[in-house]
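In: Sharing a model prediction with you, sequence too.
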Amino acid sequence: MADYFNEMYHSGAVRTPYARLEDWMKTMPAEFRQMKQAEAEALFRRIGITFAVYGEGGDPDRLIPFDMFPRVFTGAEWARLERGIKQRARALNAFLVDVYGRGEIVKAGRIPANLVYQNEAYEKAVVGFVPPKGVYSHIVGIDLVRTGPDDFFVLEDNCRTPSGVSYMLENREIMMRMFPELFRANRIQPVDSYSDRLRRTLASVAPAKCKGDPCIVILTPGHFNSAYYEHSFLADLMGVELVEGQDLFVEGEYVWMRTTEGPKRVDVIYRRIDDAFIDPLCFRPDSMLGVPGLMDVYRSGGVSICSAPGAGVADDKAVYTYVPEMVRFYLGEEPILQNVPTWQCAKADDLKYVLERLPELVVKEVHGSGGYGMLVGPKSTREQIEAFRAKIEKDPDNYIAQPTLALSTTPTFVAEGIAPRHVDLRPYCLVGEQIDLVPGGLTRVALTEGSLVVNSSQGGGVKDTWVLAE
Amino acid sequence: MLSRTADNLYWIARYMERADIAARLLEVGSRITLLPSAHGYRSEWDSLLQSSGTADGFARKYGNPVQRNLESWLFFDRDNPSSVASCITAARENGRIVRTALTSQVWDALNTAFQELRQLERTPRSELELSRLTDWVMRHTAMVRGAIDATLLRNDGYNFLNIGYYLERGDNTARLLDVKYYVLLPSLEFVGSGLDNYQWTTLLRAMGAQRAFHWAYGGDVTAAKIAHFLILNPQNPRALITCVAGMTNHLGRLAKAYGRTTTAQSKAAIMLSELETTSTDAIFDEGLHEFLTRFIGESIELGTLMHECYLSGDVR
């Protein structure tokens, strides 16, 4: 386990994508680096990119730490990742259309029925409804980790409303502003077309009733939400209104927004709030965030909702195990990206195996996210492990376990200079009439030495991610 | 434009203007304490608190108007919704909500003011001179205003911002004037006498208009000249007529852009036409206090119409 793949130094040599960074790194004086780091932080703060962390209280204007050392992929490495990511996004959407329709995959016995139909995220309200262009998940965030030169694993899929894309864009902006010489010396593919591509994707799934240019909005829970900055950033880049539930209402067959000139019809809603909150008449009656009657309009084709209600059943951690099956079943292809072997504590044999090997495994809650409620066996004390064992035994269905992966490292600026730190990658795949991916993503880095948890809510940082042109 | 966005823009303007006024009050108040006066300083602070509309809140929290408490109250105190800190925080929060309707320069100006305010709040009070604080506020309110004028698209949002600025400013000029009149001149015979010149000069100073006044009128300071300057002179940026004309102009632009007029336009037009046709004699005949009370009432009414016709989200 001590042997991690270092993306820059491998077998005693500098790997090609990093070749031009070695000089840059070695010749940078410490004072210059500190100056640049301070400059980056000031830029982030001025732009207002902050991230509130749930449950921590404290500073609502906290910054996500930004590491200036970029993470680099060659064009060839990316080409393979891109094929794998798009393949997976297609399969996940095919699965969603299927399980809200005829349920062929269940009938074929390729995935257990109860895992789908008894799933908390399975939305009975949309059974039998096919969203425009047959797309449920329009922005698929696929979390990837790397363990070797050619070894990539999918850690999890995010089919609902993956966040973080604003960091991908802003990290690049800030790097270009601070180190223009790096961009002259390396041929780095741009990512700034993301917002145009997102707008095109959203427009392509406008409902049939919409004639002409669709009116697109982003629906946010409001400015107290930790990702509010991202919501307003994307709205601004796309030139669409950022609305809250209170700004929308349903009348007749349509959804309208309240403007200073009177009601204006809305065709496509890119929602950044959870299913449970979007319509108090259909889901949680106490929701103040949603729009009463929205689901009726949606089901009668008056408005498109992205991602579609019900998409969450595809990114459930127990369903995850079956995604390679989905690729084979719907696309007739072999999966390009591998899954991490996963034990489901709901199965008696798996549970026994997991409980015997807790100190070496990573255990997660099936419905958890953000790095909360997980156990990293090798990094935990005996007491922590025993406490977690009790939780698993109490409610085994709620947990899955995976081997502790040897996450790759990239050089990272730390207090003592430069040191390897573990990273993952989240690319953002767009699915509409076409399937689209910008060459890049969000690299998250575990800044604490030895830590394998990269979540920003757990003290992780971010890096600019480069894909080199061939 | 979303009604909620328009509402936020309108309130950004009102809060920034209010912060500016709180700082001006502080400066004038502290200046008066440096000068000998038959009235003593206490009544001055009282009148300033009254014009800011927060005298009751202050009395409840602090009791006697000791200068240090007044500085806390008008600058830092979050219990005072009109304090500089409350206003700048609220303006910045409103700005954060409507980031998409602001240019990066305007957001930068609002956010910088807020970030520096947080530093000031962490600085020991013994290191903060009052004059530095008031200068700081005026510099930042001017920077926000300047960023709006220099960079913002001249669309409906720009009109809502300006209407907010003018409404708040007109309302404050009227209140300042009314407090001076009402509190310091118990009987009408004092008007025009040398006794209260000093009070009137203080009023001009609060509006940063002392020099402008002398350029415009020359000679002795009289109540009639001051009333004319602060109510009817369109050259004075803080005069009631200037503020109402500004609102009328921006409401007119809204009506043109939206292709419809509302009761807000009619109300503003009536207010403007009255100010254009009246005279200081007529105002003094009606009674300055009565006139100002009526004006403040009409301003509030216009604010309500703004809400109904544009900002509430119930527009049809």
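Out: Arrived safely, thanks for sending. Residues are numbered from 1 along each chain as shown, chains lettered A, B, ... in the order given.
In: can you list the domains in the chain?
Out: You didn't say which chain, so I picked chain A. Split into domains by automatic domain parsing, chain A comes to A:9-207+A:303-337+A:405-467, A:342-403.
In: Switch to chain B, please.
Out: Listed by automatic domain parsing, the domain ranges of chain B are B:1-152, B:154-316.
In: Deepest in the core, which of the domains of chain A is it.
Out: domain A:9-207+A:303-337+A:405-467 (a mean of 19; mean count of other Cβ atoms under 10 Å in any protein chain shown). Just so you know, the C-beta spots here come from the backbone N, C-alpha and C atoms, and that holds for glycine as well.
In: Out of the domains of chain A, which gets the lowest mean score?
Out: Lowest mean pLDDT within the domains of chain A: domain A:342-403, a mean of 88.
In: Determine how far the helix ranked longest in chain A lies from the middle of the whole chain.
Out: Scanning chain A for the helix with the most residues, using DSSP state H, yields helix A:75-99. Chain-centre distance of helix A:75-99: 14 Å, with Cα atoms, centre = their mean, to the nearest Å.
In: Likewise for stretch A:12-21?
Out: The chain centre lies 28 Å from the centre of stretch A:12-21; the measure is Cα atoms, centre = their mean.
In: Now the terminal residues of that stretch, how far apart.
Out: 16 Å (Cα to Cα, to the nearest Å).
In: Residues of the stretch 51-200 of chain B that sit close to chain A?
Out: Within reach of chain A by Cβ under 8 Å from any Cβ of the partner chain, the stretch 51-200 of chain B has these residues: B:93, B:96-97, B:99-100, B:104, B:107-108, B:111-112, B:115, B:156, B:160.
In: how does it look with 10 Å?
Out: Contact residues (Cβ under 10 Å from any Cβ of the partner chain) of the stretch 51-200 of chain B with chain A: B:92-102, B:104, B:107-108, B:110-112, B:114-115, B:118, B:156-157, B:159-160.
In: Okay, and which of these map to helices?
Out: Members of these lying in helices (criterion: DSSP H): B:92-97, B:104, B:107-108, B:110-112, B:114-115, B:118, B:156-157, B:159-160.
In: Can I get the buried part of those residues as one ChimeraX selection?
Out: Only the buried entries of those go into this ChimeraX selection, using 16 or more other Cβ atoms under 10 Å in any protein chain shown:
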select /B:92,93,94,95,96,97,107,108,110,111,112,114,156,157,159,160
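In: And the pLDDT at the closest residue to chain B within chain A?
Out: Minimum separation of chain A from chain B (Cβ to the nearest Cβ) falls at residue A:258, amounting to 3.5 Å. Listed pLDDT for residue A:258 reads 96.
In: sorry, back to before: now mean pLDDT and distance to residue A:374 too, for the domains of chain B, in a markdown table please.
Out: Listed next are the domains of chain B as a markdown table, based on pLDDT from 0 to 100; distance: least, Cβ to Cβ, whole Å:
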| stretch | mean pLDDT | distance to residue A:374 |
| --- | --- | --- |
| domain B:1-152 | 87 | 32 |
| domain B:154-316 | 86 | 42 |
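In: ok, the residue in chain B that chain A sits nearest to - contacts?
Out: Nearest to chain A in chain B, going by Cβ to the nearest Cβ, is residue B:313, at a distance of 3.5 Å. Residue B:313 is in contact with A:246-249, A:257-260, A:263, B:2-4, B:6-7, B:307, counting by Cβ atoms under 10 Å, 6 or more residues apart in numbering or on different chains.
In: Show me the strands in chain B, by range?
Out: With DSSP state E applied, chain B shows no strands anywhere along its length.
In: interface residues of the stretch 101-250 of chain A facing chain B?
Out: Counting by Cβ under 10 Å from any Cβ, the stretch 101-250 of chain A sits next to chain B at A:217-218, A:220, A:222-224, A:228-229, A:231-244, A:246-249.
In: quick one on the thing from earlier: neighbour-wise, give me the winner out of the contacts of residue B:313.
Out: In terms of neighbour count, residue B:6 stands highest of the contacts of residue B:313 at 28 neighbours, by other Cβ atoms under 10 Å in any protein chain shown.
In: do you know how far that residue is from residue B:118?
Out: According to Cβ to Cβ, to the nearest Å, residue B:6 stands 28 Å off from residue B:118.
In: just residue B:132 next, same as before
Out: Distance of residue B:132 to residue B:118, given as Cβ to Cβ: 16 Å.
In: ok, now residue B:284?
Out: For residue B:284, the distance to residue B:118 - Cβ to Cβ - is 47 Å.
In: Show me how to select, in ChimeraX, the buried members of the residues of the stretch 101-250 of chain A next to chain B.
Out: Command for ChimeraX that selects the buried part of those, burial taken from 16+ other Cβ under 10 Å:
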select /A:217,218,220,223,228,229,231,232,233,234,235,236,237,238,240,241,242,243,244,247,248,249
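In: check contacts around residue A:441.
Out: A:71, A:73, A:78, A:81, A:85, A:141-144, A:164-165, A:168, A:191, A:424-429, A:465, A:467.
In: try 6 Å this time
Out: The contact partners of residue A:441, taken as Cβ atoms under 6 Å, 6 or more residues apart in numbering or on different chains, are A:425, A:426, A:427, A:465.
In: Just give the nearest non-adjacent residue to it, would you?
Out: Leaving aside its sequence neighbours, residue A:441 sits nearest to residue A:427 (Cβ to Cβ, 6 or more residues apart in numbering or on different chains; 3.5 Å).
In: Dihedrals phi and psi, the one you found?
Out: phi -80, psi 160 (degrees, to the nearest 10).
In: For it, give its distance to residue A:229.
Out: Remark: distance between residue A:427 and residue A:229 (Cβ to Cβ) = 21 Å.
In: for chain B, which helix is longest?
Out: In chain B, assigned by DSSP H, the helix with the most residues is helix B:3-33.
In: buried sites along that helix?
Out: Neighbour-count burial for helix B:3-33 flags B:3-32 (criterion: 16+ other Cβ under 10 Å).
In: which of those residues are close to chain A?
Out: B:3, B:4, B:6 (Cβ under 6 Å from any Cβ of the partner chain).
In: and which of the residues you listed is nearest residue A:115?
Out: Set against residue A:115, the nearest of these by Cβ to Cβ is residue B:4 (41.8 Å).
In: residues touching that closest one, list them.
Out: Neighbour list for residue B:4: residue A:247 [criterion: Cβ under 6 Å, 6+ apart].
In: 7 Å instead, please
Out: Contact analysis of residue B:4 by Cβ atoms under 7 Å, 6 or more residues apart in numbering or on different chains lists A:244, A:247, B:313.
In: now residue A:144
Out: Contacts for residue A:144 (Cβ under 7 Å, 6+ apart) come out as A:152, A:153, A:154, A:155, A:424, A:425.
In: could the residues you listed go into CSV alongside secondary structure?
Out: Below are those laid out as CSV (DSSP: H, G, I helix; E, B strand; the rest coil):
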residue, secondary structure
A:152, strand
A:153, strand
A:154, strand
A:155, strand
A:424, strand
A:425, strand
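In: Dump those to TSV, plus distance to residue A:295.
Out: Listed next are these as TSV, based on distance: Cβ to Cβ, whole Å:
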residue	distance to residue A:295
A:152	38
A:153	36
A:154	31
A:155	32
A:424	35
A:425	35
